[in-house]
Every structure is written in C-alpha cells, then in structure tokens.
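*Asks:* A predicted structure for the sequence below; I have some questions about it.
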Amino acid sequence: MSVWRLFMIVLGLSAVSFGGGSTLLAGLERELVQTHVITPAQFMAGMALGQTTPGPLAAFTASIGSYVAGLAGALAAAAAMVVVSLAVVMLIRRVPSAWFQLPPVRSSLSAVSAYIVAILFFLGYKSMTTGNHDQWSIPAVIVGLMIVGRQLKIPTAYLMLGSVALGMLTQGTHLAGW
C-alpha cells in the first residue's frame, strides 16, 4: 500500500470519527487487516505500542502506519490524524467573534452544551449502575462534573459530594470494587 493511500484512509476515518482515537480502530482494521495489508498480529502490536506511549490514544495510528510503510507510513498516519482537527480550528479561528454573540449562534451553542452535559450524565450513570467501570471511570466522571459545574456555575466540589452521596444511596457503600 502506498503512503499516500494510507494517509487518505486515516484522513477519511479521522474526518468522520468523533470521540477520540479508539473510534478509528474498526475502520483501520477493515482497511488494513481485512485487505491483508498487515496481519492481525501487526495490527494488535501497533495498537498496543500506541497505547503505551504518552499522549493521545490516537498515537496508535503512527505505530500501525509503521507496519504498513515504515517511517514514512508512521509519519503519514500521524499527519493524517492532525489535518482534520487543524483545518477545523483554522476555520473557526477565521469566524469573527461578533458572530458568537448573535442570538441564533448563542442558542445553538447552548443547546450543544446542554446535549453534551446530558450525554455525560447518562454515560456516567450507565457506567456506575452496570458495573462497567475501570481505572478511567473516576477521572472521566470528575472531568464531566467539572464541565457540568462550569455550565451550571456550581462548584465542582458540591457536584462531586452530591455524586458520592447519590452513588452511596443507589449502590451502597461497598467500595471494594474500585
């Protein structure tokens, strides 16, 4: 596979993937493993290597890219991960700040904020009530509470204490699973 083709695959996947690097896994597996460009073992090794490096989870694209086309593949895959985000930031930066004060824009941004807060609450609730939590659950809930606190102008400490109390009421006080 050419370096350009790898770049375009990762670019296309990153353009339509939301939620971080792990959302690319299925697409990369389909495009690279199922087409026999790399072996399943290489894919898993690249993914594992990417997760052991500091930084964002999407670092695995560079290690997988190295299995496809060596150093050039690693650079192409890493660059493709950045291009979409960089383009969006550059476009938003060109929007005059006065536009963000327009009532339709403000109400749209408020609606998006409310939607994100609702998703955070739902995911936190589902994670805690189903027992599907790991070492990242607590930091994720804390970050979610910080976002909610900022949106509602409530101190994060109060939200955290309320969440602990709610958790103890619904789950009891057995903290051994954490």
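*Replies:* Here it is on my side, so go on. Residues are numbered from 1 along each chain as shown.
*Asks:* Break down this protein into its helices, ranges please.
*Replies:* Using DSSP state H, the helices of the chain run over 3-16, 25-28, 40-52, 60-93, 103-130, 137-152, 156-171.
*Asks:* Quick one: the ones you listed as a markdown table, columns for mean neighbour count and distance to Gln34 too.
*Replies:* All C-beta atoms are positioned from the backbone trio N, CA, C, and that covers glycine. Formatted as a markdown table, the helices of the chain follow (neighbours: other Cβ atoms under 10 Å; distance: least, Cβ to Cβ, whole Å):
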| stretch | mean neighbour count | distance to Gln34 |
| --- | --- | --- |
| helix 3-16 | 18 | 12 |
| helix 25-28 | 17 | 10 |
| helix 40-52 | 16 | 9 |
| helix 60-93 | 18 | 14 |
| helix 103-130 | 12 | 30 |
| helix 137-152 | 15 | 31 |
| helix 156-171 | 13 | 41 |
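*Asks:* Which of those has the lowest mean pLDDT?
*Replies:* Among the helices of the chain, helix 156-171 carries the lowest mean pLDDT, at a mean of 66.
*Asks:* Skip the chain neighbours and tell me the closest residue to Trp4.
*Replies:* Nearest non-adjacent residue to Trp4, counting by Cβ to Cβ, 6 or more residues apart in numbering: Ala76, 7.6 Å away.
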